[in-house]
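> Provided below are the primary sequence and the corresponding predicted coordinates.
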Amino acid sequence: MTGKFRWSYDPEGRRCWQDPEAILAGIGLKAGFIFADIGCGNGFFALPAARLVGQTGRVYGVDSNSEATEDLERRAAAEGLHNISLTLARAEDAVVCQACADIVFFGNALHDFDQPARVLANARQMLSPRGRLVNLDWKKEPMEMGPPLHKRFSEDEAARLIADAGFSIESVAGTGSFHYVITARLESGVGTVPETAIDNSGLIVT
Ligand SMILES: C[S@@+](CC[C@H](N)C(=O)[O-])C[C@H]1O[C@@H](n2cnc3c(N)ncnc32)[C@H](O)[C@@H]1O
């Protein structure tokens, strides 16, 4: 991250502009679900997801940064959360399970991957046939924080990447002031993107 704002791993500060519980509820995460958090960092989403899916569910976290995964491991242990499985790897090389995930989630991460198409191909393998891919990322607009504009994907660019990887776009919506959420399902016909609908008032329009 560059600019005035450096990536905040302080969950309390970040909560002012991103509410992980509300976002996870908005994307339909429920008790018993399998949640694959790709580019999980130190668990801003993975930890609340683990609380939400509970003992009967599981969170798979993948990240290439050992500092982040170790921090997440410590925080999960401190909370007594035993339903998180972490993989230290590049997302381009990681398929943590086959057709198991109810939700494959990218939180502020798709723009960071070196080869997003390859990561999306792996997501295709991990997603269960009825599962949902969720891509939460920074809007491609000038703002005081977040990654540099040239690194970001607009909603249309991200939706195209996702559709080209074999998903059908289900919804595109704004969330908070700085982010959008795209949800998608596995699809048989590859490459279709419906007209983009942005709703800045709510989490997701389905
Ligand atoms: C901006 S942070 C977001 C972390 C977390 N999802 C969140 O919202 O707090 C992006 C994360 O993606 C990870 N990352 C970047 N490139 C990666 C790659 N190729 N494979 C796996 N993780 C990667 C980084 O280490 C970092 O933890």
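Nice, I can see it. Numbers count the residues shown, from 1 in each chain.
> what residues does this structure put near the ligand?
Contact residues (Cβ under 6 Å from any ligand atom) of the chain with the ligand: 7, 39-41, 44-45, 62-65, 68, 90-92, 107-109, 112-114. C-betas here are computed from N, CA, C, even on glycine.
> could you rerun that using 5 Å?
39, 41, 44, 63-65, 68, 90-91, 107-109, 112-113 (Cβ under 5 Å from any ligand atom).
> take those and keep only those in helices.
If you go by DSSP state H, the residues of the chain next to the ligand have Ala68 in helices.
> which of the residues of the chain next to the ligand ranks first by neighbour count?
Counting neighbours by other Cβ atoms under 10 Å, Ala91 comes out on top of the residues of the chain next to the ligand with 27 neighbours.
> kindly reformat the residues of the chain next to the ligand as TSV containing pLDDT.
Below are the residues of the chain next to the ligand laid out as TSV (pLDDT from 0 to 100):
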residue	pLDDT
Gly39	98
Gly41	97
Phe44	97
Asp63	98
Ser64	98
Asn65	98
Ala68	97
Arg90	98
Ala91	98
Gly107	98
Asn108	98
Ala109	98
Asp112	98
Phe113	98
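> mind picking the two most distant members of the residues of the chain next to the ligand?
Phe44 and Arg90 (20.0 Å; Cβ to Cβ).
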